[in-house]
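Chemist: Predicted model and sequence below, questions to follow.
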Amino acid sequence: MKQNGFDLTRVIRKFLVNMDIIFHVVAAILLLVACGFILVYAFLNILEPSRSSVIAMLNDVLLALIILELLWTVIRFLKKQKFSLNPFLAIGIIAAIRRILLIEAQTSLLKHTPVEKLYEIGLSAVVIIILMIAYYLSVKAQQLEI
């Protein structure tokens, strides 16, 4: 659609790309703010040490790590770097470890551990192993590309 030197398609494409960049920057800022609040909350939990506050702090710190990995993914996009699967695999591994730790912490207070919780821990361990294999294969594939 070119009329009198004006290409509407190019203008729309440029507008959409600029909006995409703006939304990514806003998302990055919101991720950073969320991470800050979570870390402050984790710090406040540790000021009154107890078993539950340590568990909450550990949960918050691991959640902050997940958010920071997401933030670095957005930053890589903004720097126009090549897409990498590795940060998503790392997020999955951290999330599964976080889940195992939380289940273990919750069940440590019980006299008898429900079988469902043991299955959930086992399933999370299998997920971690699969994601670690995928991470290893991803790194090896990147090395072969170079």
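Modeler: Happy to help now that I have it. Numbering: from 1, shown residues only.

Chemist: Count the neighbours of the closest residue to residue 90 other than its chain neighbours for me.
Modeler: Nearest non-adjacent residue to residue 90, counting by CB to CB, 6 or more residues apart in numbering: residue 69, 5.6 Å away. For glycine as for every other residue, the C-beta is placed from the backbone atoms N, C-alpha and C. Neighbourhood size, residue 69 [other CB atoms under 10 Å]: 20.

Chemist: how close does residue 69 get to residue 107?
Modeler: As judged by CB to CB, to the nearest Å, residue 69 and residue 107 stand 27 Å apart.

Chemist: Give the next helix or strand downstream of the one helix or strand residue 60 maps to.
Modeler: Taking DSSP states H and E as the criterion, residue 60 maps to helix 51-78. Per DSSP H and E, the first helix or strand lying C-terminal to helix 51-78 is helix 86-107.

Chemist: Going by neighbour count, list what's buried in that next one.
Modeler: Buried residues in helix 86-107, counted by 16 or more other CB atoms under 10 Å: 87-103, 105, 107.

Chemist: that older thread, my read: the residue nearest to residue 90 touches residue 94, true?
Modeler: Yes: shown here, residue 69 and residue 94 form a contact pair, counting by CB atoms under 8 Å, at 7.1 Å.

Chemist: Good, we can wrap up now.
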